[in-house]
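[1] just coords:
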């Protein structure tokens, strides 16, 4: 029994040693596994650090690039602003040069047309005066006839004087930038003066001028300009109306403006000529009157300019063979 117990004891000790050895091997295996896990963890940490460093480098690079782009854009924006300012200045200068060129062309055309007025519109009155003077000089007129001729002299000299004065006023305004002298004007009175001056010419063509004022019509305008406008329109009405024709002058009011209507039953204008009326000047628009009166095409360009400078505008209605109506609007006096 004793040997058996001893044998059992040895067997138990051997088993315990074997179990302890197995436990030791398990612990070693666990330690090896832990070492490997630690190594993997350190590698992962190192990799993360490398990734973080790389990301930081990329971020720094991107920030630097962004700053460079922002700086470049600011520089480009500044250059664009400078370029735009330069282009604007150049465009403004080009526009100014174009305006000056156009103004110079208009001035040169107007100068040529003024000389044409002096050469044509003034020639006829002076020729008439010289013919009459020849008759008086050689005694070809009776006393009553001389009185009639002298009256005609007065009318024609008055007309020529007014025409020259108006041309000089206009020439000064072109060369010196003459300022307008606005004043309160009775338009009916100004029309009556012009009609009386042209009465001699309308009488020679047996025309009837019907001036129909309903009362004073006060406007705010430059008197010299108003006279030039009226002289040209009424003169043209006489010029392009046949013998025994009629010219009516009357007034209307609308929207703070007074309008004078000068309506004739003369030759009128075609639609083509009407479309060119204020766009061309000189021979391209000028025509002879019903008694072969010479024209220059200057008058309508002048009155358009003067009407607009006085804050007004014009309308023209015309039917070829039936007559024309010019409507000139002026600002009503306050």
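    Everything's here; your move. Bear in mind that the values here come from a model prediction, so they are computed numbers and not experimental data.

[2] Give me the neighbour count for the closest residue to residue 274 other than its chain neighbours.
    Distances taken as CB to CB, 6 or more residues apart in numbering put residue 318 closest to residue 274, at 5.6 Å, once the chain neighbours are dropped. The C-beta positions use only the backbone N, C-alpha and C, and glycine is treated the same way. Residue 318 sits with 21 neighbouring residues when counted by other CB atoms under 10 Å.

[3] Kindly report the same for the one 5 residues further on.
    The number of residues packed around residue 323, counting by other CB under 10 Å, is 22.

[4] List the residues that contact it.
    By CB atoms under 8 Å, 6 or more residues apart in numbering, the contact set of residue 323 is 241, 263-268.

[5] Now rank those by neighbours and give me the top one.
    Highest neighbour count within the contacts of residue 323: residue 264, with 28 neighbours (other CB under 10 Å).

[6] tell me the pLDDT at that residue?
    Predicted confidence (pLDDT) for residue 264: 95.

[7] Verify the stated contact: it with residue 235.
    No: using CB atoms under 8 Å, residue 264 makes no contact with residue 235, being 11.4 Å away.

[8] Doesn't residue 53 lie inside a strand?
    No: counting by DSSP: H, G, I helix; E, B strand; the rest coil, one finds residue 53 to be helix, located in no strand.

[9] State the pLDDT value of it.
    87.

[10] What distance do you get for it to residue 185?
    As judged by CB to CB, to the nearest Å, residue 53 and residue 185 stand 92 Å apart.

[11] what lines up beside the strand or helix carrying the residue nearest to residue 274 in the sheet?
    Under the criterion of DSSP states H and E, residue 318 resides in strand 313-319. Strand pairing for strand 313-319, using DSSP bridges, gives strand 323-331 (antiparallel).

[12] what's the average pLDDT for the strand it pairs with?
    Mean per-residue pLDDT for strand 323-331: 95.

[13] And the helices in the protein, which stretches?
    Taking DSSP state H, the helices of the chain run over residues 2-120, 123-137, 143-176, 187-204, 223-239, 271-276, 299-309.

[14] which of those helices is buried the deepest?
    Comparing these by mean neighbour count (mean count of other CB atoms under 10 Å), helix 223-239 comes out on top with a mean of 23.

[15] I'd like the distance from it to the chain centre, please.
    28 Å (CA atoms, centre = their mean, to the nearest Å).

[16] packing partners for it?
    Under the contact criterion of 3 or more CB pairs under 8 Å, 6 or more residues apart in numbering; DSSP states H and E, helix 223-239 touches helix 143-176, strand 182-186, helix 187-204, strand 246-254, strand 257-264, helix 299-309, strand 323-331.

[17] Indicate which one of these is closest to residue 46.
    Closest approach to residue 46 among the helices and strands packed on helix 223-239 (CB to CB): helix 299-309, 88.6 Å.

[18] tell me which strands and helices the closest one is in contact with?
    helix 223-239, strand 313-319, strand 323-331.

[19] where does the stretch 1-150 of the chain have low pLDDT?
    1-11, 13, 106-107, 109-125, 140-141 (pLDDT under 70).

[20] And for the stretch 151-300 of the chain?
    155, 158-159, 162-163, 165-179, 278-299.

[21] redo that, cut-off 80
    Applying pLDDT under 80 to the stretch 151-300 of the chain flags the ranges 151-180, 200, 276-300.

[22] Outline the domain layout of the protein.
    1-108, 121-179, 180-334 (automatic domain parsing).

[23] Correct me if wrong: the residue nearest to residue 274 contacts residue 266.
    No: judged on CB under 8 Å, residue 318 makes no contact with residue 266 at a distance of 9.4 Å.

[24] and for those two, which residues touch both?
    By CB under 8 Å, 6+ apart, the residues touching both residue 318 and residue 266 are residue 324.

[25] Do I have it right that residue 268 meets residue 319?
    Yes: the pair residue 268 / residue 319 is scored as a contact, 5.0 Å apart, by CB under 8 Å.

[26] on that earlier part again, would you turn the contacts of residue 323 into a markdown table with distance to residue 48?
    Listed next are the contacts of residue 323 as a markdown table, based on distance: CB to CB, whole Å:
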| residue | distance to residue 48 |
| --- | --- |
| 241 | 107 |
| 263 | 101 |
| 264 | 104 |
| 265 | 106 |
| 266 | 104 |
| 267 | 104 |
| 268 | 100 |
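
[27] coming back round to it: list the buried residues in the strand holding residue 318.
    314, 318 (16 or more other CB atoms under 10 Å).

[28] what does it rub up against?
    By CB under 8 Å, 6+ apart, strand 313-319 touches 268-269, 274, 277-278, 303-304, 307, 324-329.

[29] now do stretch 185-201
    151-152, 155-156, 158-159, 162, 209, 211, 213, 215-221, 223, 226-227, 230-231, 234-235, 238, 249, 251, 258, 260, 330, 333.

[30] to the chain's geometric centre, what's the distance from it?
    35 Å.
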